[in-house]
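Undergrad: Everything below, folded, please.
(one chain, ligands or ions: 2)
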Amino acid sequence: MSIGPRTGGVKAEAMEPEGLSEREEHFCSLARESGYLDETAFEEAMEIRRNRLAAGEGPTKLPTILREEGFLADDRYHELRRRVLERFPKERSIGGFRIDRKVGKGGMGIVYRAIRLEDEKVVAVKVLGDHFKHDPKLVERFVREFRAISSVRHANLVEGHDAGCEDEVYYYAMEFVDGESVKERVLRDGRFEIKEAVRIAQCVARALDAIHGAGFLHRDVKSSNVLLSEEGEVKLSDLGLAMDLESDSSLTRTGTGLGSADYSSPEQLKNAAGIDGRSDIYSLGVTLFEMLAGRVPFIAGSQASLIQRKLKEDAPDVGSFRPGIPARLRDLVNAMLSRKPEERPSEPAAVLAVLDAPLSERVLRRKTTARRRLKPRKKGGAGMWIALGALGMLAALALVVFLVAR
Ligand SMILES: Nc1ncnc2c1ncn2[C@@H]1O[C@H](COP(=O)(O)OP(=O)(O)O)[C@@H](O)[C@H]1O
Ligand SMILES: [Mg+2]
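TA: Ligands and ions are numbered 1, 2, ... in the order given. Purely as a prediction, here's the structure:
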C-alpha cells in the first residue's frame, strides 16, 4: 500500500483483492501438512481478515492473525515462518525501493540508502519501528502529516518522496543526502567555525520559515536532523514525522518517541500539544549553541533530571563556552534559548535578520587586527635597549681589561 502524495490512498489496502499472497498460501499449506491448522480455524481466521480489510484496520496478514487470535502457538508460528523464508527468501526491498545499505538508526526506526526501482534514483528509506504497528491512530496521523508536509518544498528541506506500508511495516522514502549530520560532525570534530555555524543556522532558519509559512511546525529540530551534504548543502530532515506524538504518552514514556529532550523547548516538555513556532526556534537555538560550544546547553545524569533542569533553570550563556563570539550572535543564541517563548525571536525571519546582518563586532575586530598589522613597526623597542645595554657592558669590560693590562 502506498500512501505517497503521487500514488495516494490510505484506503488502498481495503481495495486489495482478498486473495492470499504466495507466502501466505505456502504458510497455510505447511500449517495444514503439519497438522497445526484445521479448516474451521482457517475459515475463522479468513473471516477476521475480511473484516479487517473492510474496516482498513489492524494487521491483515493471515499468519499474524492466526498467531494473534490464538489459532497457532508462538513456537509453531515461528517454525512455519522459518520454513516459509527458506522457500521465499526475504528480498531486501520495500515498496518500490531496493534496500542498498543501512546508513543510520534513530528513535523512530532505521534509515537505509535505497534505489527507487522505477527510475533507479538513489533515495533514503526510513523503516519505522514496531511501535507504529497495530496502532491505527498513529498510522493515520503519520499518513495525514506525510501528505501535508510533503507539499512543502525548499532547498534546505529534505524532500519527502513517498510513504507506504508493506507487510505491516511502515516506511518513508525521502531525498538521500550523501554526507553526515551536524551531530555526527560535532561528535567527531567538536565545535564549528563561527562562520560555518552561522551559515548552517541560516539555512535551517530558512527551512523553518518555509515550514511555518505553510502552517506547520517541525517539532523535532535537532543536530541529527540537520544533514550536511558533501557539496556543503544543508538540509533539515524528518519534518512531519514528529507530529503530535509526544503528547501520545506511551511513545515518550518508553523513550521510543521523539527527539531527545536535549533539543525540546521547556513548553514542549510540559505540554507538547500547545506549542507554537517559537518551540522550533528554541530547538534551533540548542542546535546553534551545540555548533558553537561543541556541547548542548543542559547536561544531566538522567532524562528526568534533564527535564527538571530545563524547566527550572535558565540556559547557560553560550559566550561562557565560546569566548570571542560576536555579541550579536551571543545575544541571539541566548534569546533563542529563553525559557519563556515570548522572550525569544518570534519567528524564523527574526532569527534570520540577525544572522544575515554582518556580525559587526567580528568584522570590526578583524579591521582592528588588520590596522595593527599595517602600522609601521616602531624603530627600536625592547630589542634595541637590550643591544645597547650589552654594548655598554662590553665597553666597560674592555676598559677594565685595558686598565689591568697597563
Ligand atoms: N535523508 C537522509 N539521507 C541520508 N542519511 C540520512 C537521512 N536521514 C537520516 N539519515 C541518517 O540516518 C541517521 C538516523 O536518522 P534518524 O532515524 O532520523 O535518527 P535521528 O533520530 O537521529 O534523527 C541520521 O543521523 C543520518 O545520519
Ligand atoms: Mg532524523
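Undergrad: Buried residues in stretch 196-209, which are they?
TA: Using 16 or more other Cβ atoms under 10 Å as the test for burial, stretch 196-209 gives 197-198, 200-209. The C-beta positions use only the backbone N, C-alpha and C, and glycine is treated the same way.
Undergrad: closest to Pro358 among the residues you listed?
TA: Val198 (10.6 Å; Cβ to Cβ).
Undergrad: host element of that closest one?
TA: helix 194-213 (DSSP states H and E).
Undergrad: Past that helix, which element shows up next along the chain?
TA: Going down the chain from helix 194-213, the next helix or strand is strand 226-229, by DSSP H and E.
Undergrad: Not counting the helix or strand that that following strand is followed by itself, show me its contacts.
TA: Next helix or strand after strand 226-229 toward the C-terminus (DSSP H and E): strand 234-236. By Cβ atoms under 8 Å, 6 or more residues apart in numbering, the residues outside strand 234-236 that reach it are 156-158, 175, 177, 199-200, 203-204, 207-208, 218, 221, 225-229.
Undergrad: redo that, cut-off 7 Å
TA: Strand 234-236 has contacts (Cβ atoms under 7 Å, 6 or more residues apart in numbering) with 156-158, 177, 200, 203-204, 207, 225-229.
Undergrad: Now do the same for the helix holding Val198: mean pLDDT, whole number.
TA: Helix 194-213 comes out with an average pLDDT of 96.
Undergrad: Counting by contacts, list what that helix packs against.
TA: strand 234-236, helix 277-293, helix 348-356 (3 or more Cβ pairs under 7 Å, 6 or more residues apart in numbering; DSSP states H and E).
Undergrad: Need those in TSV (columns: distance to ligand 1, mean neighbour count and mean pLDDT).
TA: As requested, the helices and strands packed on helix 194-213 are arranged in TSV below (distance: least, Cβ to the nearest ligand atom, whole Å; neighbours: other Cβ atoms under 10 Å; pLDDT from 0 to 100):
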stretch	distance to ligand 1	mean neighbour count	mean pLDDT
strand 234-236	7	24	97
helix 277-293	12	25	97
helix 348-356	20	18	96
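Undergrad: still on that earlier bit, just give me how far the helix holding Val198 sits from the chain centre.
TA: 15 Å (Cα atoms, centre = their mean, to the nearest Å).
Undergrad: what angle separates that helix from helix 277-293?
TA: Calculated by axes from the mean of the first three to the mean of the last three Cα atoms, to 10 degrees, helix 194-213 forms an angle of 170 degrees with helix 277-293.
Undergrad: The residue nearest to Leu228 when sequence neighbours are not counted: neighbour count?
TA: Computed as Cβ to Cβ, 6 or more residues apart in numbering, the closest residue to Leu228 that is not its neighbour in sequence is Gly179, at 4.8 Å. Burial of Gly179 is recorded as 16 neighbouring residues (other Cβ atoms under 10 Å).
Undergrad: per-residue confidence for Gly179?
TA: pLDDT at Gly179 comes out at 95.
Undergrad: need the contact list for it.
TA: When contacts are counted by Cβ under 7 Å, 6+ apart, Gly179 is found next to 227-230.
Undergrad: who wins for neighbours among the residues you listed?
TA: So for those (other Cβ under 10 Å), the most neighbours sit at Leu227, 23 neighbours.
Undergrad: so that one touches Ser237, yeah?
TA: Yes: Leu227 is within contact range of Ser237, at 5.5 Å (criterion: Cβ atoms under 7 Å).
Undergrad: where are the low-confidence patches of the stretch 51-200 of the chain?
TA: Along the stretch 51-200 of the chain, the model assigns pLDDT under 70 to residues 89-91, 107-108, 130-134, 141-145, 147-149.
Undergrad: picking that back up, need the buried residues of stretch 196-209 in JSON lines with distance to Tyr77, can you?
TA: Output for the buried residues of stretch 196-209, formatted as JSON lines (distance: Cβ to Cβ, whole Å):
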{"residue": "Ala197", "distance to Tyr77": "52"}
{"residue": "Val198", "distance to Tyr77": "56"}
{"residue": "Ile200", "distance to Tyr77": "49"}
{"residue": "Ala201", "distance to Tyr77": "51"}
{"residue": "Gln202", "distance to Tyr77": "54"}
{"residue": "Cys203", "distance to Tyr77": "49"}
{"residue": "Val204", "distance to Tyr77": "46"}
{"residue": "Ala205", "distance to Tyr77": "51"}
{"residue": "Arg206", "distance to Tyr77": "51"}
{"residue": "Ala207", "distance to Tyr77": "45"}
{"residue": "Leu208", "distance to Tyr77": "47"}
{"residue": "Asp209", "distance to Tyr77": "51"}
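Undergrad: Would you reformat those as JSON lines and include distance to ligand 1?
TA: Output for the buried residues of stretch 196-209, formatted as JSON lines (distance: Cβ to the nearest ligand atom, whole Å):
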{"residue": "Ala197", "distance to ligand 1": "18"}
{"residue": "Val198", "distance to ligand 1": "22"}
{"residue": "Ile200", "distance to ligand 1": "15"}
{"residue": "Ala201", "distance to ligand 1": "18"}
{"residue": "Gln202", "distance to ligand 1": "20"}
{"residue": "Cys203", "distance to ligand 1": "15"}
{"residue": "Val204", "distance to ligand 1": "14"}
{"residue": "Ala205", "distance to ligand 1": "19"}
{"residue": "Arg206", "distance to ligand 1": "18"}
{"residue": "Ala207", "distance to ligand 1": "14"}
{"residue": "Leu208", "distance to ligand 1": "16"}
{"residue": "Asp209", "distance to ligand 1": "21"}
